[in-house]
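Student: Just the structure for this:
(chains A, B, C and D)
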Number of protein chains: 2
Amino acid sequence: MGRWEPDAGDRLVRAALDLFDEQGYENTAVAQIAERAGLTKSTYFRHFRDKREVLFSGQDRLLELITDGIAGAPESAGALGAVEGALVAMAVTFTQDRWANGPRRLAVIAANDELRERDALKMAGFARTMKAGLLERGVPELDADVASELGVLALRRGYAQWLEAGGDFAEVARRALEEVRGAAVGLEGAE
Amino acid sequence: MGRWEPDAGDRLVRAALDLFDEQGYENTAVAQIAERAGLTKSTYFRHFRDKREVLFSGQDRLLELITDGIAGAPESAGALGAVEGALVAMAVTFTQDRWANGPRRLAVIAANDELRERDALKMAGFARTMKAGLLERGVPELDADVASELGVLALRRGYAQWLEAGGDFAEVARRALEEVRGAAVGLEGAE
DNA sequence: CAAGTGATGGGACTTGGTCTCATCAACCGT
DNA sequence: ACGGTTGATGAGACCAAGTCCCATCACTTG
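Tutor: I've put the predicted structure just below:
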């Protein structure tokens, strides 16, 4: 791997985050990111499939963790129990270096429509993957839909809380999921 | 309005849908869409802010309907009751001509990542708007989050069911929401 | 030491998207 | 009837995202 300066991907991520932070996403050209990382546009697109993706790298790994987490939940667990398994499994990634930039990353994404669009797609991908895992366990389609959607909501809420207050992500996510479940079962019908 | 050939926007939508259908989204250039509609690239971008948006026009109107539907729900209604008001209010748009192309539109979107991305953003926008409306009614933040997320899920499921089986959209959506609610309140805790 | 491998550089090319200016049909007031 | 205004369009320059192809160069292997 490291025949030239190592960690080209990480350098690109850091350069991008810095530049987006300093001058905004729209005012930053891919060539500029590459230049700051000591690379070229060609190399940039070899590492990330487009300009946005540099802020979302590593999320493919999360899909695997979700699948494994759901499949690995005890057989006795219900749909939400399996979803909890997914959230807990994701914790290992969130505590790594790559996510040290979490708050800056969130701020940059929130400030730009294109990036929020990509974020929405990623979240939808999480929900899809959770739903597929639940169906695999024999959960009925409707319940799988509801549980995966609530699971992603708990993930979003738990992630935000974890960035603010810190602590063990697995624990925070577990609490967020229980919170969401409590609110869901308390919902009254329309009339 | 119609000093030249009228309905430039509609012509562009139809041309785009045809071309995407025939040769795929990626193999179609904006200039080509404009040409088939008897217009130019310049005019295309005056009607739609980018290549994707031609498949999502009119959804801004839905945001207003959501807001009005939630604000107009009876005071006695709970969070989900207000969400039901939003779904019912959206029905008027879905039954109009512009949505006659629903099935083709869904198929084109499903076949392309860029378009699914835009779709995910639109759905997130619906949820955001629902949540804001619920907060306005004094619904606690957590409940607003859960209810709006379930509302969008019911919208997606109801829309698909309506495209398949037809009938009155308001009624189909109401049933879908009740279905989702039933599944949500039946969820067991993790352990 | 020669051949091979893999990450990079470089540059041509297409297309999405912006911007500015010209055009031209309908409308409006005198 | 006439000149000015308005608003949608056309035309074309221009920039950046993204694709493609080929050259290069560091390091590895036989």
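
Student: so where do the helices sit in chain A?
Tutor: Per DSSP state H, chain A carries helices over the ranges A:8-23, A:30-36, A:41-47, A:59-71, A:79-94, A:102-110, A:113-136, A:141-165, A:169-185.

Student: can the first one be found next to DNA strand D?
Tutor: Which is helix A:8-23. No: Helix A:8-23 is not in contact with DNA strand D by CB under 7 Å from any atom of the strand; minimum separation 10.4 Å. All C-beta atoms are positioned from the backbone trio N, CA, C, and that covers glycine.

Student: Kindly report the residues of chain A close to DNA strand D.
Tutor: So chain A meets DNA strand D at A:3-4, A:28-31, A:41-42, A:45, A:49-52 (CB under 7 Å from any atom of the strand).

Student: which residues are in contact with the least confident helix or strand in chain A by mean pLDDT?
Tutor: Lowest by mean pLDDT, DSSP states H and E among the helices and strands of chain A is helix A:102-110, with a mean of 92. Identification of contacts with helix A:102-110 by CB atoms under 8 Å, 6 or more residues apart in numbering or on different chains yields A:17, A:20-21, A:25, A:55, A:94, A:115-116, A:118-119, A:159-160, A:163.

Student: The residues you listed also near chain B: which ones?
Tutor: A:116, A:118 (CB under 8 Å from any CB of the partner chain).

Student: can you redo the contacts of helix A:102-110 as TSV with pLDDT?
Tutor: Listed next are these as TSV, based on pLDDT from 0 to 100:
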residue	pLDDT
A:Leu17	96
A:Phe20	97
A:Asp21	95
A:Tyr25	98
A:Leu55	96
A:Phe94	86
A:Leu115	98
A:Arg116	97
A:Arg118	97
A:Asp119	97
A:Tyr159	95
A:Ala160	94
A:Leu163	90
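
Student: Out of the contacts of helix A:102-110, which end up buried?
Tutor: Using 16 or more other CB atoms under 10 Å in any protein chain shown as the burial test, those include A:17, A:20-21, A:25, A:55, A:94, A:115-116, A:118-119, A:159, A:163 as buried.

Student: of all these, which comes closest to DNA strand D?
Tutor: Nearest to DNA strand D among these: A:Tyr25, at 8.7 Å, using CB to the nearest atom of the strand.

Student: about what we covered before: make a PyMOL selection of the buried ones in the residues of chain A next to DNA strand D.
Tutor: Command for PyMOL that selects the buried part of the residues of chain A next to DNA strand D, burial taken from 16+ other CB under 10 Å:
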select buried, chain A and resi 28+30+51+52
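
Student: quick one: contacts of stretch A:168-184?
Tutor: Outside stretch A:168-184, the residues that reach it (CB under 8 Å, 6+ apart) are A:80, A:83-84, A:87-88, A:90-91, A:94-95, A:150-151, A:153-155, A:157-159, A:161-162, A:165, B:142-143, B:145-146, B:150, B:184-185, B:187, B:189-190.

Student: related to what we said a few turns ago, now for the contacts of helix A:102-110, which pair is the farthest apart?
Tutor: Based on CB to CB, the longest span within these runs between A:Tyr25 and A:Phe94 and measures 23.1 Å.

Student: coming back round to it: out of the contacts of helix A:102-110, which one sits closest to A:Leu62?
Tutor: Nearest to A:Leu62 among the contacts of helix A:102-110, counting by CB to CB, is A:Phe94 at 9.0 Å.

Student: What is the burial count for the nearest residue to A:Thr95 once chain neighbours are set aside?
Tutor: In space, and not counting its chain neighbours, A:Thr95 is closest to A:Phe169: 6.2 Å by CB to CB, 6 or more residues apart in numbering or on different chains. With neighbours defined by other CB atoms under 10 Å in any protein chain shown, the count for A:Phe169 comes to 22.
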